[in-house]
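Undergrad: Dropping a prediction and its sequence here:
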Amino acid sequence: MATSNSLSFGEGRGEGLYVIKIGGNVIDDSEKLHHFLKAFADLKGNKILVHGGGKMATKLAAEMHIEAKMVEGRRITDIETLRIVTMVYAGLISKNLIAQLQMHGCNALGLSGADGNLIKATKRPIQKIKSKTDDTFLEVDFGFVGDLDDNSIEIKNLSKLLESGFIPVFSAITHDGKSQLLNTNADTIASALAVSMSKNYETSLVYCFEKKGVLVDIDDESSVIREINPINYKDLKAKGIVADGMLPKLHNAFEALNKGVKEVFIGKADDLNELVSRGFLGTKLTK
Ligand SMILES: Nc1ncnc2c1ncn2[C@@H]1O[C@H](COP(=O)(O)OP(=O)(O)O)[C@@H](O)[C@H]1O
Ligand SMILES: CC(=O)N[C@@H](CCC(=O)OP(=O)(O)O)C(=O)O
């Protein structure tokens, strides 16, 4: 919570802030989610939660006979899919998380990027993506997917919410300012929030998911890579040790470090306390 000693907006970096992201696999596991939310509620100081929910959206879409299509870790979001993700992320998941956090005494406020104009995105233009099988490029229309830039976050009003004692909880739904809702990857939202808020706070970014950290062997939880820097990152990518959803996560993490975020950790949702208290059970990223 802000104190009278803290620097006010525009004066420079003041006190600490945690931006914590929780992924869809944990959200789908009620026991793990409960444990995580209790630890999040108990965490002292300024904090923002960003949640995904991709797994549940994929499941619901399948029940409605809509096939989920992911390209480079992003969901192709046609109008039907946008309706589903809005209902799932900004509705069902958001409100359930808020109710649980309130039970733990945490005054959480569930937000999409449209609320308070806090996160404005730009609809992703058609992308040329290299084919996996040959050297050709394919044109991909991601539909209603929103990309963020350095001006996307309304830092001043978000800081005011924190100073008023609210705990912002963001879903992966943003808007373009012209009444169009957009679907934005939750890891990207967490990184953009951490980068922008680091103008005002000493910000730590923590990605929580279902594994102990970035692993050498994805089936061996004891193979956590303690530290990743841009050099061993290249090597891990080349060897295929990091793949799938981990690639955009690490990309976002390095982007955050390069743009002023103090530290980035990746680890298990169960280990939130250890991650933030430097008990250090996960992976730390360094520049
Ligand atoms: N080396 C690795 N260590 C850990 N996870 C990895 C690794 N390489 C790929 N992954 C995959 O990355 C996924 C995490 O990314 P993502 O699916 O975006 O998760 P979430 O949205 O739950 O945070 C893991 O579930 C795992 O399958
Ligand atoms: C554009 C895009 O890909 N948006 C993501 C937003 C949710 C998300 O990021 O959820 P997880 O963190 O659980 O993966 C999606 O719809 O899957």
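TA: Ah, there it is. Ligands and ions are numbered 1, 2, ... in the order given.

Undergrad: Against ligand 2, how distant is Asp134?
TA: Separation of Asp134 from ligand 2 (CB to the nearest ligand atom, to the nearest Å): 25 Å. Where C-beta positions appear, they are placed from N, C-alpha and C, glycine not excepted.

Undergrad: I'd guess that residue is in a strand, am I close?
TA: No. Counting by DSSP: H, G, I helix; E, B strand; the rest coil, Asp134 falls outside a strand, being coil.

Undergrad: And the closest residue to ligand 1 within the stretch 101-250 of the chain, what's its pLDDT?
TA: The minimum distance from the stretch 101-250 of the chain to ligand 1, using CB to the nearest ligand atom, falls at Gly245 (2.5 Å). Here, the pLDDT recorded for Gly245 equals 86.

Undergrad: Kindly report the same for Lys262.
TA: Confidence score, pLDDT, at Lys262: 95.

Undergrad: neighbours of it, just the number please.
TA: 16 (other CB atoms under 10 Å).

Undergrad: Buried residues, stretch 84-97. List them.
TA: Residues of stretch 84-97 classed as buried: 84-86, 88-90, 93-94, 97 (neighbour count, 16 or more other CB atoms under 10 Å).

Undergrad: Check the separation of the first and last residues in that stretch.
TA: Using CA to CA, to the nearest Å, the end-to-end distance of stretch 84-97 comes out at 18 Å.

Undergrad: what's that stretch in contact with?
TA: 27, 37, 49, 51-53, 56-57, 60-61, 64, 66, 75, 77, 108, 110, 112, 169, 171-173, 181, 183 (CB atoms under 8 Å, 6 or more residues apart in numbering).

Undergrad: Narrow these to those that are buried.
TA: Judged by 16+ other CB under 10 Å, buried ones among those: 27, 37, 49, 51-53, 56-57, 60-61, 66, 75, 77, 108, 110, 112, 169, 171-173, 181, 183.

Undergrad: now Asn117: how far from Lys239?
TA: Counting by CB to CB, to the nearest Å, the gap from Asn117 to Lys239 is 43 Å.

Undergrad: before we move on, the earlier item: contacting ligand 2 as well, which ones from the buried ones among the contacts of stretch 84-97?
TA: Counting by CB under 6 Å from any ligand atom, 52-53, 57, 75, 172, 183 from the buried ones among the contacts of stretch 84-97 sit close to ligand 2.

Undergrad: mind listing the strands for the stretch 151-287 of the chain?
TA: Along the stretch 151-287 of the chain, the segments classed as strands by DSSP state E, counting those that start in this stretch run 167-170, 173-175, 181-183, 202-209, 227-228, 263-268, 283-285.

Undergrad: Show me how far the fourth one is from its chain's centre.
TA: In this case it means strand 202-209. 9 Å (CA atoms, centre = their mean, to the nearest Å).

Undergrad: can you check the shortest one too?
TA: In terms of CA atoms, centre = their mean, the gap separating the centre of strand 227-228 from the centre of its chain is 19 Å.

Undergrad: who does it touch, helix- and strand-wise?
TA: Judged by 3 or more CB pairs under 8 Å, 6 or more residues apart in numbering; DSSP states H and E, strand 227-228 is in contact with strand 283-285.

Undergrad: what about the strand it packs on, distance to the chain center?
TA: 16 Å.

Undergrad: cool, stretch 111-125 as well?
TA: 14 Å.

Undergrad: Show me the helices in the stretch 51-200 of the chain, by range?
TA: Taking DSSP state H, counting those that start in this stretch, the helices of the stretch 51-200 of the chain run over residues 54-63, 79-85, 94-103, 155-163, 186-197.

Undergrad: now what about the first one, what contacts it?
TA: For helix 54-63, the surrounding residues in contact (CB under 8 Å, 6+ apart) are 23-25, 27-28, 67-68, 75, 81, 84-85, 87-89, 92-93, 186.

Undergrad: Cheers, nothing more for now.
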